[in-house]
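Asks: prediction below, plus the sequence it came from.
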Amino acid sequence: MLWRVCRGNVFLRHTEIEAPLEDPHTGNEVYKSVFIIFFQGDQLKNRVKKICEAFRATLYPCPETPGERREMAFGVMTRIEDLTTVLGQTQDHRHRVLVAAAKNINMWFIKVHKIKAIYHTLNLFNLDVTQKCLIGECWCPVMDLDRIRLALRRGTELSGATVPSILNRMDTPEVPPTYHKTNKFTSAYQGIVDAYGISNYREVNPAPFTVITFPFLFAVMFGDLGHGLVMAVMAFFLVWKEKWIASRRIEGEIFGTIFGGRYIIFMMGLFSVYTGIIYNDIFSKSFNIFGPRWMTNRTIYQFQDHGEPAHGTLFTLDPVLDFKYGQGPYPFGLDPTWALASNKISFINSFKMKMSVILGVMQMMFGIILSCYNHLFFGKLINVFCEFIPQVLFLLCMFGYLVVLIFYKWVNFHASMAGCAPSLLIGLINMFLFKYSDNPKNNADGTPCLQNIFYDTQKSFQSFLVLLALFCVPWMLCVKPFILHRRWKASQAALPLHNVDENGHAEGGKVQASHGGGHDDHGDGATFDFGNIIIYQAIHTIEFCLGIISNTASYLRLWALSLAHSQLSEVLWNMVMKFSFNINGWGGIPLLFFLFAAWSFLTLAILVMMEGMSAFLHALRLHWVEFQNKFYGGQGYQFQPFSFATMTDGNKPVDE
């Protein structure tokens, strides 16, 4: 364009600036070029100037003499050096300011959060009629009232206020929130209970009992001394370094969950060590401490029923022929000889199955007993008579009696009678079918020994228990609605006759069938919803009766998971470690290290972590469904105090 406008009477030189420049108006980086134009005459000067302005080029004056140009270049270089010096000093000063601010930035954030939280809470207050003071209503624990008054007095003194703060305790019909005081050890157990539902105000809190029962039931399913020791050591490290780990603020939901439950994991590991000693099981191997109580004089030839002797063959232990009765049973846990017996599974299954039923009935009975404490505390005496007593009788008549038979069979039937001992399962089924065998105990007519009776009066006593259990069903279903109806009629008879409305109905406030409220309420004084109460009572009666049977069967998961854990551990040992021990020659040494590393990894990944998670979830289900539903309402709401610690620990905004 310059060539055409000036008709070739200009000389142009230009070059690209490699480094991008910052646009002073937009702040964006742009690439520019520098150019110089030589021309002659004012007319060409005006044309060149208009073209440059049209393309928004920045024009700089250029002196005519060489001396002036050198002086101008020297001045520009001096200004550039001065600006570079100023920019460097400014950047250094900004760096020092930011470094100093970085040391206090967390404290500033905390102060801002606290101030924001204080003003957010003050916005919830109301002004009194004089518009001179704030009035706020809140919940607080009764045990902390003295501390709150002391804090208010201290705040008044520090602020120099002339009017002290006043704290009054008010009566309100609203249901207070639930507050359980916990520490770093019990908070995780309380979290397990609260995950099912926040307990109703002042009802029995199962968290203190969960501290023992939860790791114990976990250990029953996870019982292995080696695996429990590994879990306990890992959790102990988290407990030992908890302050250092908490200060690191390691992010991650999985690690946060594990670190938060470090005390639960530690307790589960310790209980697993205990049950591992009971099962005499460490990495699928048994250990001999007190010496075995089994000794046999039979040869391999006799053991194998006159077959060919084989090395490493498992033998069937016969309590009559092989047990040393003079020394008594093994002092603690299972005898290590069972690890070499082919009938080990049959013996272990029988033991763990009975143990699961015993533990389940004990925990369910404990849950029902805790419900009695709730009824007595809330003044619901009608529930004690119409729910607690029949529930206890129903459970004892069915599965409490089964537990008694288990102990009776253990005590009264020795090894020589074990082959013809009555069956607990068949006996329980025949108990409800009223089916009994009157054959003599020697079973000369060929009837199975499993159908024999335990004692002489078993038929009449078991019939009485079944009838009593059946009687408890209408007791739970009908007695409570009938008593509530009688109370309502008595309350109606006590109303004054002149207190009637225009429809002829008696006026009165809300009448409650018991002091506890809840579902014992039956409407106002003029009506009684008998059908609603019957339906509610029928639902709970059916739920309890069927739940007792299903819950008892559900506790058999203790036996099933314990068997699965021990068998997986044994299979892993036989397929990995035992294989390495059978390799002959020098090549087995490096292979042993490799297989040991593989066995260790699989043990940690499958048997400790995966099996541990499975046992944890099953123990959680046993507490939520089988234990807590006997007494726990879980329909309350959590007390959320104003706490600076809660705000500064999390990353959530205060308004949330």
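Replies: Structure received. Numbering: from 1, shown residues only.
Asks: worst-scoring helix or strand of this structure, pLDDT-wise?
Replies: Lowest by mean pLDDT, DSSP states H and E among the helices and strands of the chain is strand 510-512, with a mean of 40.
Asks: can you give me phi and psi for Thr178?
Replies: phi -100, psi 130 (degrees, to the nearest 10).
Asks: so it sits against Gly197, correct?
Replies: No: counting by C-beta atoms under 8 Å, Thr178 sits too far from Gly197 to count as a contact (10.1 Å). (Glycine included, C-beta is placed from N, CA and C.)
Asks: list residues touching both of the two?
Replies: Residues touching both Thr178 and Gly197 (C-beta atoms under 8 Å, 6 or more residues apart in numbering) are Gly636.
Asks: neighbour-wise, which of the two wins?
Replies: Thr178 (19 against 14; other C-beta atoms under 10 Å).
Asks: give the contact list for the more buried one.
Replies: Taking C-beta under 8 Å, 6+ apart, we find Thr178 in contact with Ile198, Ser199, Asn200, Tyr201, Gly636, Tyr637, Gln638, Phe639.
Asks: run a quick neighbour tally on the fourth one.
Replies: What that stands for is Tyr201. For Tyr201, the neighbour count with other C-beta under 10 Å is 16.
Asks: what ranges does the stretch 101-250 of the chain have for its strands?
Replies: 126-127, 134-135 (DSSP state E, counting those that start in this stretch).
Asks: quick one: which helix or strand includes Tyr263?
Replies: Per DSSP states H and E: Tyr263 is located in helix 262-279.
Asks: tell me which strands and helices that helix is in contact with?
Replies: Packed against helix 262-279 by the contact rule (3 or more C-beta pairs under 8 Å, 6 or more residues apart in numbering; DSSP states H and E) you find helix 187-196, helix 207-222, helix 225-240.
Asks: of all those, which lies closest to Phe432?
Replies: With C-beta to C-beta as the measure, helix 207-222 is the member of those nearest Phe432 (28.1 Å).
Asks: which residues touch the closest one?
Replies: 180, 182, 186, 189-190, 192-193, 228, 264, 267-268, 270-272, 274-275, 355-356, 359, 363, 366, 557-558, 561-562, 565, 611-612, 615-616, 618-620, 622-623, 627.
Asks: avg pLDDT for it?
Replies: For helix 207-222, mean pLDDT is 94.
Asks: now the angle from that helix to helix 225-240?
Replies: 140 degrees (axes from the mean of the first three to the mean of the last three C-alpha atoms, to 10 degrees).
Asks: and helix 207-222, what's buried?
Replies: 207, 209-211, 213-222 (16 or more other C-beta atoms under 10 Å).
Asks: mind putting these in a markdown table, distance to Gln89 included?
Replies: Formatted as a markdown table, the buried residues of helix 207-222 follow (distance: C-beta to C-beta, whole Å):
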| residue | distance to Gln89 |
| --- | --- |
| Ala207 | 63 |
| Phe209 | 69 |
| Thr210 | 65 |
| Val211 | 64 |
| Thr213 | 70 |
| Phe214 | 65 |
| Pro215 | 64 |
| Phe216 | 70 |
| Leu217 | 70 |
| Phe218 | 66 |
| Ala219 | 68 |
| Val220 | 73 |
| Met221 | 70 |
| Phe222 | 67 |
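Asks: cool, thanks, talk later.
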